[in-house]
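Participant: Have a look; sequence and predicted model below, questions after that.
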Amino acid sequence: MPDWPTATPEEVGMDPALLEEAKAYALTGDGSGCIVRRGRLVASWGDRQRRYDLKSTTKSIGVTCLGLALADGKAALTDQARRHHPTLGVPPEKNAETGWLEQITLLHLATQTAGFDKPGGWSPVLFEPGTAWCYSDCGPNWLAECLTLAYGRDLNDVMFERVFTPLGITPADLSWRNNAYRPDTLEGIKRREFGAGFHGNVNAMARIGLLYLRRGRWQDRQIIPAEFVDLARTTVPQVVGLPLKGNTKYGDAPNHYGLLWWNNADGTLADVRRDAYWSWGLYDSFIIVIPSLDLVVARAGESWKRTGDSHYDVLAPFLSPIVRSAQRAVR
């Protein structure tokens, strides 16, 4: 992978002391990271080539394939998921008895409102689609299967052909593990899981972040639609205020969750710009994008220590000094 052009923090209007503060907090969980402003690397720590198990950051990377499908006319967010995957939701057989499976749309699957419980295998549906929010690996895995059938191809091939290779990302930087929860193939095609599964380095993560920061454009190519990026990074209005089901540790998640990306649209993080959004995986892997500051941050390693009541509290000591360091207006 080509390395980043570099700049000193001062050259891009950032306070180096505050970046050191953020870096020190990041390193309480060891690992690697990088901060990119205006397309230039201004700070890093750890081994940027080391690959980590990115866990649920896979959701935010994987949903990029939905953006491709929308651009290619292979899917629409309002599509009933069973239009693409006639057996979606089964097994378990009891899901069919609910009468809810025909109602599930691709938008429901991409916003955690389809009703599926957390586990990534064949999980039960807990509620009627669109009436609540439940953090799930199962729902995103069904979305991956819908897109696999829409393309009739291994999504890994689609993503490298259309996204990763144009970004300069190689399989040495980012790879999809074999499935942990579902069989290897679907109608003879390699099956992939969006719930988790990518292993990658922070260089690759930051390049994906920069693609989103540039609203789906990379150099002179529109890789994914700008309109899709705008949807992914903001909270879908019909999701705001929905009750939580399943594990409720995610607090006000319906108010700050887009298309498999988290965000700060409701200002839960008071010192962080409201246009900030990020992937978030177990062990606190992140791709963080803040458009108003022309800023991308990638981090992977071990989990940070939890001390607050809100699931967002763990982010403040990392994100707040980074945002405060960007003290000059973006030009």
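Facilitator: Received, thanks.
Participant: What about the nearest residue to residue 130 once chain neighbours are set aside, how many residues nearby?
Facilitator: Ranked by C-beta to C-beta, 6 or more residues apart in numbering and with sequence neighbours excluded, the top spatial neighbour of residue 130 is residue 113, at 5.4 Å. For the C-beta atoms, the positions are set from N, CA and C on the backbone; glycine is no exception. Residues near residue 113, counting by other C-beta atoms under 10 Å, number 28.
Participant: Repeat that for the one 5 residues further on.
Facilitator: When counting by other C-beta under 10 Å, one arrives at 16 neighbours for residue 118.
Participant: where does this structure dip in pLDDT?
Facilitator: 248, 327-331 (pLDDT under 70).
Participant: So residue 81 sits against residue 140, correct?
Facilitator: No - with contact defined as C-beta atoms under 8 Å, residue 81 does not count as touching residue 140 (11.8 Å).
Participant: Next, show the common contact partners of the two.
Facilitator: residue 109 (C-beta atoms under 8 Å, 6 or more residues apart in numbering).
Participant: For this structure, list the residue farthest from the centre, please.
Facilitator: residue 97 (31.9 Å; C-alpha atoms, centre = their mean).
Participant: So that one, which state does it fall into?
Facilitator: helix (DSSP: H, G, I helix; E, B strand; the rest coil).
Participant: Now do the same contact list for it.
Facilitator: So residue 97 contacts nothing (C-beta under 8 Å, 6+ apart).
Participant: just the strands in the stretch 151-300 of the chain please.
Facilitator: 174-176, 185-186, 189-190, 198-200, 217-218, 221-222, 262-263, 277-278, 286-290, 295-300 (DSSP state E, counting those that start in this stretch).
Participant: contacts for the last one?
Facilitator: Going back to what we said before, that points to strand 295-300. 26, 31-37, 52, 54, 57, 200-203, 205-206, 209-210, 213, 281, 283-290, 318-319, 322, 326.
Participant: and if we set it to 6 Å?
Facilitator: Residues outside strand 295-300 that contact it (C-beta atoms under 6 Å, 6 or more residues apart in numbering): 26, 31-37, 52, 202, 205-206, 209-210, 213, 285-289.
Participant: Filter the residues you listed down to the ones in helices?
Facilitator: 26, 202, 205-206, 209-210, 213 (DSSP state H).
Participant: is it possible to export these to JSON lines including neighbour count and distance to residue 235?
Facilitator: JSON lines is the format used below for the ones in helices among the contacts of strand 295-300 (neighbours: other C-beta atoms under 10 Å; distance: C-beta to C-beta, whole Å):
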{"residue": "26", "neighbour count": "26", "distance to residue 235": "26"}
{"residue": "202", "neighbour count": "31", "distance to residue 235": "27"}
{"residue": "205", "neighbour count": "33", "distance to residue 235": "23"}
{"residue": "206", "neighbour count": "26", "distance to residue 235": "24"}
{"residue": "209", "neighbour count": "26", "distance to residue 235": "19"}
{"residue": "210", "neighbour count": "20", "distance to residue 235": "23"}
{"residue": "213", "neighbour count": "23", "distance to residue 235": "18"}
